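S.K.: Coordinates only, no sequence provided:
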């Protein structure tokens, strides 16, 4: 049965053999926890030998411990091939031309059951086979710049990506999508917002929280929404396009400097902080929510400043933080530090001498707040005033990650710290706002009677 037990080994293989069960068979599996019905899936070569994987009728996969199995029966068989069909992407001259630049995210994908890995579908033909609605929105071409997990995105990738976007704009593209993993999408969005200024076309970052093989995947709808925004939106900025609510009612377009991933697994993980989103987007229309944004133009003029100083650090303050944290950064040649401080922008007194040593050595230090919402106000308490006297510069209401990428970008342009300060404190793409709107901070607390009453009006 070697050919029909793909990936299974040891005890799991023996269990399947004992009941004459093949991979891809429809099976009834009796266990000490009840009966399960579904399709026996192959296993990764690197997985253990005590579980059998079953795909349920719901589309979800479960692992069954062989020690709980009391009986198995094959009731049908049809070998499956998990490959996205590839079809020629239809084009027409009346549709906008959109370029999808790939960085490694899996917007549409299939599973490789040999390794258990998710393999991205990326060519126009694959994407059309997976999401045929795209052909109604735009003429799509793709280019894979690199294939990395989002945690491996960094300055090298930011620079290459910014230059590629600039080239596409100069070549006349009508809109750009960037496929990106969600974990650090907000870092890249911030970096691109500074590296690419005054774009005449939308630049839309998109990803998926759940892979395409899952029934609850957000991949296809995110891609449809992002393509709609790139092709037809009047908003010509770096944006993140992901689910709005947890359901599939609409997507949101978030400004690249005010967005953050806020939940590890929710499809509605991205939130605009300290402001409101730029727009909602559905399959049929884009509805602006913000009145202040860079509008689409017909010219091809764009300012690309693709530079970044890698020796910049983001330090999250915690009680009892020791001064050697700052000293070690200075000793290792770091030129800039962003601190996410407590309250209005504070750290403890034992760190003060290290801050003095750092600024005396020419290291520039900026303060943000770890509350995420709100402004740094270092002149209110003695702590803040003392820190400013030692050289720390308040970074207004920049998000910590945005201040980090902006400082790397600023130091990539000049060694003059006064010029760096001018760049840092001059608003470029909404990263600093004059004030936060009344509805820019909404964090509902479940369980409170008035909130529960409100929730029932929108989700019955």
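M.R.: Arrived safely, thanks for sending. Keep in mind the model is a prediction, meaning the values are calculated, not measured.

S.K.: give me the low-pLDDT residue ranges for the stretch 351-460 of the chain?
M.R.: 459-460 (pLDDT under 70).

S.K.: just the helices in it please.
M.R.: 352-360, 382-389, 400-411, 417-425, 449-458 (DSSP state H, counting those that start in this stretch).

S.K.: Return the most buried member of these.
M.R.: Most buried of those, by mean neighbour count (mean count of other CB atoms under 10 Å): helix 400-411, with a mean of 26. (Glycine included, C-beta is placed from N, CA and C.)

S.K.: now for that helix, which elements pack on it?
M.R.: For helix 400-411, the packing partners by 3 or more CB pairs under 8 Å, 6 or more residues apart in numbering; DSSP states H and E come out as helix 185-195, strand 312-316, strand 336-341, strand 364-369, helix 417-425.

S.K.: domains of this protein?
M.R.: 2-77, 97-304, 312-425 (automatic domain parsing).

S.K.: closest one to residue 450 among these?
M.R.: Nearest of the domains of the chain to residue 450, taken as CB to CB: domain 97-304 at 19.9 Å.

S.K.: How far does the closest one sit from its chain's centre?
M.R.: 9 Å (CA atoms, centre = their mean, to the nearest Å).

S.K.: Could you number the chain from 420 rather than 1 from now on?
M.R.: Okay, using 420 as the starting number, the last item reads as domain 516-723.

S.K.: Quote the end-to-end distance of that domain.
M.R.: From its first residue to its last, domain 516-723 covers 21 Å (CA to CA, to the nearest Å).

S.K.: average pLDDT for it?
M.R.: Average pLDDT, domain 516-723: 89.

S.K.: Could you do stretch 736-752 as well?
M.R.: 97.

S.K.: which of the residues in it are buried?
M.R.: By neighbour count with 16 or more other CB atoms under 10 Å, stretch 736-752 contains the buried residues 736, 740, 742, 745, 746, 748, 749.

S.K.: Look up how far residue 784 lies from the closest residue to the last one other than its chain neighbours.
M.R.: Spatially, and ignoring its direct neighbours in sequence, residue 749 is nearest to residue 777 (4.9 Å; CB to CB, 6 or more residues apart in numbering). Relative to residue 784, residue 777 is positioned 6 Å away (criterion: CB to CB, to the nearest Å).

S.K.: Can you spell out which helices and strands pack onto the longest helix along the chain?
M.R.: When the chain is scanned for its longest helix (criterion: DSSP state H), the result is helix 574-589. With contacts defined as 3+ CB pairs under 8 Å, 6+ apart, the packing partners of helix 574-589 are strand 516-521, strand 594-598, helix 604-614, strand 615-616, strand 722-723.

S.K.: run the last query once more with 6 Å
M.R.: helix 604-614 (3 or more CB pairs under 6 Å, 6 or more residues apart in numbering; DSSP states H and E).

S.K.: tilt between the helix it packs on and strand 731-735?
M.R.: 140 degrees (axes from the mean of the first three to the mean of the last three CA atoms, to 10 degrees).

S.K.: now the helices for the stretch 420-569 of the chain?
M.R.: Remark: helices assigned in the stretch 420-569 of the chain by DSSP H, counting those that start in this stretch are 429-437, 543-549.

S.K.: if you compare those, which one is most tucked away?
M.R.: Stretch with highest mean neighbour count among those: helix 543-549 (a mean of 21; mean count of other CB under 10 Å).

S.K.: rewinding a little: measure the residue nearest to residue 749 to residue 840 for me?
M.R.: 15 Å.

S.K.: and if you look at residue 473?
M.R.: 60 Å.

S.K.: what packs against the lengthiest strand in the chain?
M.R.: When the chain is parsed with DSSP state E, its longest strand is strand 488-496. Counting contacts by 3+ CB pairs under 6 Å, 6+ apart, strand 488-496 packs against strand 444-450.

S.K.: Packing partners of the strand it packs on?
M.R.: The contact analysis (3+ CB pairs under 6 Å, 6+ apart) places strand 444-450 against strand 453-459, strand 488-496.

S.K.: Direction included, what does that strand pair against?
M.R.: Using DSSP bridges, the strands paired with strand 444-450 are strand 453-459 (antiparallel), strand 488-496 (antiparallel).

S.K.: how big is the angle separating the first one from helix 429-437?
M.R.: The one in question is strand 453-459. Angle, strand 453-459 to helix 429-437, by the same axes, to 10 degrees: 90 degrees.

S.K.: Which one, of the helices of the stretch 420-569 of the chain, ends up nearest to residue 770?
M.R.: Across those, residue 770 has its closest neighbour in helix 543-549 (50.0 Å, CB to CB).

S.K.: And for the residue nearest to residue 655 when sequence neighbours are not counted, the neighbour number?
M.R.: Once flanking residues are discounted, residue 655 sits nearest to residue 715: 4.5 Å by CB to CB, 6+ apart. Close neighbours of residue 715, defined as other CB atoms under 10 Å, add up to 17.

S.K.: if I look at residue 715, how far off is residue 606?
M.R.: 26 Å.

S.K.: Kindly report the same for residue 480.
M.R.: The gap separating residue 480 from residue 606 is 31 Å, by CB to CB.

S.K.: Settle it for me: which of the two has more neighbours?
M.R.: Set side by side, residue 480 and residue 606 show more neighbours around residue 606, with 22 against 15, by other CB under 10 Å.

S.K.: which residues touch the more buried one?
M.R.: Residue 606 makes contacts with residue 820, as judged by CB atoms under 6 Å, 6 or more residues apart in numbering.
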